[in-house]
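> Sequence below, structure please.
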Amino acid sequence: VQLVESGGDLVQPGGSLRLSCAASGFTFRYYVMSWYRQAPGKERELVASIDSAGSSTNYADSVKGRFTISRDNAKNTVYLQMNSLKPEDTAVYYCKADRGLGANWIYWGQGTQVTVSS
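Numbering: from 1, shown residues only. Model (predicted):
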């Protein structure tokens with residue numbers, strides 16, 4: 001099982017980034033996919049999630065209207081489009097897969113760094 005995030009970078013406030021998470025080793029289309037983030041000294045928090053079919057999404061209040069989660073089940077990939085980035089969005093962003101059957105069916109990626117700074 002692998003989840004490989006990419007797309008993190010240094011960007012100026014107001015800028016945009018698109019994160020990708022490529023999955024392998026499990027049946028991607030059965031899993032709820034989520035993006036989490038963890039800033040230095042803070043707990044990991046949920047940013048956005050999307051159901052297995054891509055028909056339902058959920059966002060943290062802090063990113064609503066700025067971030068969009070999507071998935072391509074044919075490519076086994078989930079995306080996070082981040083617009084109007086703010087310095088407080090700076091964090092390591094993690095991809096999570098959850099089959100909803102317990103801890104043995106939850107997988108995490110290694111994370112990608114997003115830094116928003118002028």
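> I figured residue 79 was touching residue 23, is that so?
No - contact between residue 79 and residue 23 fails when scored by C-beta atoms under 8 Å: they sit 11.9 Å apart. Backbone N, C-alpha and C define where each C-beta goes, glycine included.
> Looking at these two, which is more packed in?
Counted by other C-beta atoms under 10 Å, residue 79 and residue 23 do not tie: residue 23 has more neighbours, with 24 against 20.
> what's near enough to touch the residue lying closest to the more buried one once chain neighbours are set aside?
Spatially, and ignoring its direct neighbours in sequence, residue 23 is nearest to residue 76 (4.5 Å; C-beta to C-beta, 6 or more residues apart in numbering). Applying C-beta atoms under 8 Å, 6 or more residues apart in numbering, we find residue 76 in contact with 22, 23, 24, 28.
> any idea how far residue 76 is from residue 1?
Taking C-beta to C-beta, to the nearest Å as the measure, residue 76 falls 12 Å from residue 1.
> Could you do residue 96 as well?
Between residue 96 and residue 1 the computed distance is 12 Å (C-beta to C-beta).
> got it, and residue 30?
According to C-beta to C-beta, residue 30 stands 13 Å off from residue 1.
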